[in-house]
Structure formats: structure tokens, C-alpha cells
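Chemist: Build the 3D model from these lines:
(one chain, ligands or ions: 2)
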Amino acid sequence: MYQMIDPAELTVFITGATSGFGAAAARRYVAAGAKVIATGRRTDRLEALQAELGTDKVHIITLDVRDRLALDAAIATIPARFAAINVVLANAGLALGLQPAAETDITDWETMVATNINGLIYTVRALLPGMIERGGGHIVTLGSVAGDYPYPGGSVYGATKAFVKQFALNLRSDVQGKNIRVTNIEPGLTETEFSLVRFKGDETKAAKPYQGTTAMNADDIAESIFWTTTLPRHFNVNRLQMMATTQAFGAFDIYRE
Ligand code: NDP
Ligand code: 8X3
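Modeler: Ligands and ions are numbered 1, 2, ... in the order given. Down below sits the predicted model:
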């Protein structure tokens, strides 16, 4: 019988646990016996998650990942029972807008960079030393197919996810010999609140990407994350890219007069 890691050994720090992948991952880990530190900006959602999953298994922290000092301060207050973090799921992120570059709102670009890049590196930088001191751990980052494949209107979002991918790969080199695993999860179309955020609450626009098809869902991604982190410790998944069966690649776009 193939020997997976016992999830009861895991304490998982999750950014963006109020919705989508992060919330689904919190449920998956706790159902398997792990402890979770669930973070995000929406306290009411965090409290509801904690009430659902139990205070013995879930510690919550209201946190904006763009605020490095607040992040550092919050981590310093984690109770001893949850302090031995050995999985970091750096998941918080967003896309804003789908306009061509010349028409985009510059503050949308700034928010994506501040969240998807700065928030992610602040999270990893704050938690990595502790994991090294404790002798090991696993960092899971949330990239995207958008970090590999371009699409119209995806200029800065895709670029932030290309950053995430390269950061994760470079991180692997830096933690060589320290028993730290690093995995970049790279999903395609997945139905969460992602589109509602991208289209700033416009439900009609947000529903469109998922209409008439079967996208992946948050549980699909949570299962993949859970799998990579419970594999035997000698085995590192560097990158895991997945798409809905109904999503594939298009042809190059040739402009003609
Ligand atoms: P959701 O919108 O459902 O969830 C996003 C999560 O990120 C929320 O919990 C939100 O919490 C959190 N978040 C956003 N900004 C901040 C912030 N400044 N500080 C702290 N938390 C923040 O989207 P998904 O679950 O789909 O997305 C999760 C990750 O997966 C993102 O990085 C996204 O780019 C990536 N991804 C998504 C895909 C998809 O198709 N859905 C495909 C590929 C990658 P709160 O608002 O409470 O702070
Ligand atoms: C989210 C997937 O295709 O909307 O990262 O960019 S996509």
C-alpha cells in the first residue's frame, strides 16, 4: 500500500480562505484531520468557517496580504497549538478587469501586483524561516494557466501568475537540502468567486465564462493541493497544471487587412 503523509501531522496556513480554493482546501484538510489557520479580509466568512469546522481545528486571522507589517504581526500572535506550520498555501489573489492594456484602470493593475505578487512574497518570507527551523514543510503557490498562455485582456494578471511560477521554481533552488517542498498549482477555468471579483460584482458578466460548459470547481483544486502535500516527503511536484476537460487551446490570432 502506497504510504501517504498522515494529514493529522499537518498544520496548514491558508491565505484567501474566505472563498473558492482556500475555503475548499480548509474543509478538505480539516476533514482529513489536519489543523488550519484560515486567513482573509472578510472576518464574517472566517468566523462562519471556524464555526463550521470547529475551533479545535481552525484558527482564524483577519488579514490583508498586501499589508506586510500586519501580516508579520498577525503571524506572531498564532497560538502555540497552531504554531508548527508545515504547509503554507499562498492562494490569495485576484484578477481585475479584462480590458485591453491601453484602456485598463491602472489601479486594477496595481491591486493585482500588490496582492498576487507582494502578498505572496510577504506570506512566504514570513513563514519560510520557521518551517526551515522546524526541519521541513511545503509551500504551495497558486499560479494559473494564465502564467503560461497569453489571452486578450490578461496582460498584468497573466504576468503576475508568471511571476508566481518563476518564484516557486527559484524558491526550490533556495531551499535545497532543507526538506522544504514547493509546488505551483496552475489551474484553468474554475468556477469560484474569481469572475465576480474580476467583473466587480457584475453577476451577468461573471456567469458568462462558465455558461454552457463544465468548469472545474474549488473542490477539484483543493483535492489536487491536498494530494501534492500528502505525497511521501521524498517526492516534490514542481508544477501541476490542470484544465476543465472542456477547455483547450486556440489557434494563433493572425491579423489580416
Ligand atoms: P475567489 O475570489 O473565490 O477567492 C479569492 C480569495 O483571495 C478570497 O478568499 C479573498 O479573501 C482572498 N483575497 C483577495 N485579496 C486579498 C487580500 N488583499 N488579502 C487577503 N486575502 C485576499 O477566487 P479563487 O479561489 O478562484 O482564487 C484563488 C487563487 O487562485 C487566486 O490566486 C487566483 O488568481 C487563482 N486562480 C483562480 C482560477 C479560477 O479560474 N478561479 C484559476 C487559476 C488560478 P477576502 O476577499 O476575504 O480577502
Ligand atoms: C484564472 C484562469 O483563464 O481566467 O487564473 O486566467 S483565467
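
Chemist: Give the burial count for the residue lying closest to Gly154 once chain neighbours are set aside, as a bare number.
Modeler: In space, Gly154 comes closest to Ala146 once its chain neighbours are excluded; the distance is 5.3 Å by Cβ to Cβ, 6 or more residues apart in numbering. C-beta coordinates here come from the backbone N, C-alpha and C atoms, glycine included. Burial measure for Ala146: 19 neighbouring residues, criterion other Cβ atoms under 10 Å.

Chemist: Could you pull out the strands in this protein for me?
Modeler: Taking DSSP state E as the test, the strands found in the chain are 11-15, 35-40, 58-62, 87-90, 137-142, 180-187, 190-191, 216-217, 239-242.

Chemist: pLDDT weak spots in this structure?
Modeler: Per-residue confidence for the chain (pLDDT under 70) gives no ranges below the cut-off.

Chemist: Show me where it has its helices.
Modeler: Shown for the chain, the helices assigned by DSSP state H span residues 20-31, 43-53, 68-76, 106-112, 120-133, 155-174, 194-198, 203-207, 218-230.

Chemist: related to what we said a few turns ago, now render the strands of the chain as TSV, adding mean neighbour count and distance to ligand 1.
Modeler: What follows is the strands of the chain, written out as TSV (neighbours: other Cβ atoms under 10 Å; distance: least, Cβ to the nearest ligand atom, whole Å):
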stretch	mean neighbour count	distance to ligand 1
strand 11-15	26	6
strand 35-40	26	4
strand 58-62	21	9
strand 87-90	28	8
strand 137-142	26	4
strand 180-187	24	4
strand 190-191	21	4
strand 216-217	18	8
strand 239-242	16	9
